[in-house]
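A.B. asks: The following block contains a protein sequence and its predicted model.
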Amino acid sequence: MKKTVFIMAAIVLAGLLCGMFEDIHPFGLPNNTLMDDYFLRHALSDRSAQNVVTSLVFDFRGFDTLGEAAVLFTALSSIGALFRDGGKKE
Amino acid sequence: MKPLSVIVTSICDVFAWFMIVFGVYVINNGHNTPGGGFQGGAIVATFLSFMLVAYGGKRFFAWARAGVYGFLEFVGLAAFFVFGCFGFPRSFFFNSLAIPLGGQVLSEWIPYCGTISLMNVAVGFEVVGALSLVVIEMYESIHMIDTGAGMGGERGHDRFDR
């Protein structure tokens, strides 16, 4: 019984997956290119960056990089709290 | 941790310095080439792990100064935030150094990309400090335990040389 239910569920999921793949737009041809075009055209003129990736990481999406730096700092703080000798004596 | 064989230490003597140079190159050219502060910082921080594995604890602690790396971490994070604040009249994280002159070179010392390359270097400092501190903190936390067999020492970690 369990096996039959499992096989039926697998078939349904596979069908849904195939239907989903039908609707995917082709690679490299996004439906809406407004944001892509903006970044590509304005990276040099607006932000004076020769490398579009760098202009995204450090300028357009600078908050993202700040968050990554904060994650690293938080990890370091927790490692210090966990492994430092001071915490062991208590 | 005991030092490894002469082969490993010799290789370390030759290649460890190249790792630092390569890491600094990746950080310094991060605004134009693949890589950047995070990647280059990780490469530079590998130097400390390499020294620990090759030379053992004694030599490692001759190099490792937790205060210096903590300072690097602080300076990197603070500089990143300050460079982000440079563009405040317009927005947070705005390339304000390169814009006023239309992307022209301001001087030999201020790079073409303005705050982008400076922030790259700041993130590089932060990652070097943070990853090196992680290695130092974790190695320092290994404590010798007398198990009654020989000189003792935690399983898998020999710290007889300290």
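C.D. replies: Yep, that arrived.

A.B. asks: neighbours around A:Asp37, how many?
C.D. replies: Neighbour count of A:Asp37, defined by other C-beta atoms under 10 Å in any protein chain shown: 10. All C-beta spots, glycine's among them, are computed from the backbone N, C-alpha and C.

A.B. asks: cool, A:Ala10 as well?
C.D. replies: Neighbours around A:Ala10, by other C-beta under 10 Å: 10.

A.B. asks: same question, B:Asn29
C.D. replies: 16.

A.B. asks: Equivalent analysis for B:Phe81, please.
C.D. replies: 15.

A.B. asks: Not counting residues beside it along the chain, what's closest to it?
C.D. replies: Of all residues not flanking B:Phe81 in the chain, A:Leu66 sits nearest, at 7.2 Å (C-beta to C-beta, 6 or more residues apart in numbering or on different chains).

A.B. asks: what's the following helix or strand after the lowest-mean-pLDDT helix or strand in chain A?
C.D. replies: Lowest on mean pLDDT, DSSP states H and E among the helices and strands of chain A sits helix A:34-47, with a mean of 84. Using DSSP states H and E, the helix or strand that directly follows helix A:34-47 along the chain is helix A:52-55.

A.B. asks: which stretches of the chain form helices?
C.D. replies: Answering for chain A, as no chain was given. Applying DSSP state H to chain A gives helices spanning A:2-23, A:34-47, A:52-55, A:62-83.

A.B. asks: Chain B is the one I meant
C.D. replies: B:6-28, B:37-63, B:66-85, B:115-140.

A.B. asks: Name the nearest residue to the closest residue to chain B within chain A, ignoring sequence neighbours.
C.D. replies: Chain B sits closest to A:Gly62 of chain A, with a gap of 2.8 Å, by C-beta to the nearest C-beta. In this structure, A:Gly62 finds its nearest non-sequential neighbour in B:Phe93, 2.8 Å apart by C-beta to C-beta, 6+ apart.

A.B. asks: what's the neighbour count on that neighbour?
C.D. replies: 26.

A.B. asks: Please tell me how far it sits from A:Phe63.
C.D. replies: Applying C-beta to C-beta, to the nearest Å, the value for B:Phe93 to A:Phe63 is 7 Å.

A.B. asks: cool, B:Ile43 as well?
C.D. replies: 26 Å.

A.B. asks: So which of these two has more stuff around it?
C.D. replies: B:Ile43 (22 against 11).
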